[in-house]
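*Asks:* structure for this input, please:
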Amino acid sequence: MYKIAHERAKHRYHTRLAIERLAREGHIRRNGELLSINTSGRRLLDQTVENVRATLRKKKWDGKWRIVTFDIPEQLRESRNAVRAILKRAGFVKLQHSVWIFPHECEELARLIKEDARLSHHVLYGVLEKIEDDARLRRAFL
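*Replies:* Next up is the predicted model:
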C-alpha cells in the first residue's frame, strides 16, 4: 500500500513540476485550475511527436509497452480526432478503439496531449510489462 501511495505522490509531484515548467516557458496558459496549450505549446507538441517517432528508429526496445487510452466525449469530437491524429503521426498502433500502444518512453507526449484543460480527465497514460498475444505488435514495431 505504501509503495502505491508513494508512486502516486511521485507522479503528482512530477506532473506539477512539468506544468510549472511549461507555464514558465510560455507553452501553456493557466486560468485558475484550467490549463490550455498555446501556439508555442503546439510547436513543442509537434517537436515531441517527431522525437517520439524517431525513437522507433534509434532506440532498442526495453520490453515494456506504453499505452495511451482516451474516452473523450462527443462534444469534444474535434479534440478527440486531434488526439488520434497526433498518436498516429507519432507512430502509435491502435490496439482497440481509443487504446493506442507504443514500445518506447513517450510520457512527455501524453502529458502534452493532456495539457489541453478539456482533455486532462479523459486521457490516461500507462506502462505495461506484458500484454497477451503481442506478436502482432512486435511485428508492427520491431
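*Asks:* what about the strands in the chain?
*Replies:* Remark: strands assigned in the chain by DSSP state E are 28-31, 34-37, 65-70, 93-96, 99-102, 123-128.
*Asks:* now do the fifth one: which elements does it pack against?
*Replies:* Counting contacts by 3 or more Cβ pairs under 8 Å, 6 or more residues apart in numbering; DSSP states H and E, strand 99-102 packs against strand 65-70, strand 93-96. All C-beta atoms are positioned from the backbone trio N, CA, C, and that covers glycine.
*Asks:* any chance of a markdown table for the strands of the chain, columns mean pLDDT?
*Replies:* What follows is these, written out as a markdown table (pLDDT from 0 to 100):
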| stretch | mean pLDDT |
| --- | --- |
| strand 28-31 | 76 |
| strand 34-37 | 74 |
| strand 65-70 | 92 |
| strand 93-96 | 90 |
| strand 99-102 | 93 |
| strand 123-128 | 91 |
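*Asks:* need these in a markdown table with mean neighbour count and distance to Glu7, can you?
*Replies:* Below are the strands of the chain laid out as a markdown table (neighbours: other Cβ atoms under 10 Å; distance: least, Cβ to Cβ, whole Å):
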| stretch | mean neighbour count | distance to Glu7 |
| --- | --- | --- |
| strand 28-31 | 15 | 25 |
| strand 34-37 | 16 | 23 |
| strand 65-70 | 20 | 16 |
| strand 93-96 | 13 | 24 |
| strand 99-102 | 20 | 21 |
| strand 123-128 | 14 | 11 |
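*Asks:* nearest to Asn81, out of those strands?
*Replies:* strand 65-70 (11.1 Å; Cβ to Cβ).
*Asks:* okay, the angle between the closest one and strand 123-128?
*Replies:* 160 degrees (axes from the mean of the first three to the mean of the last three Cα atoms, to 10 degrees).
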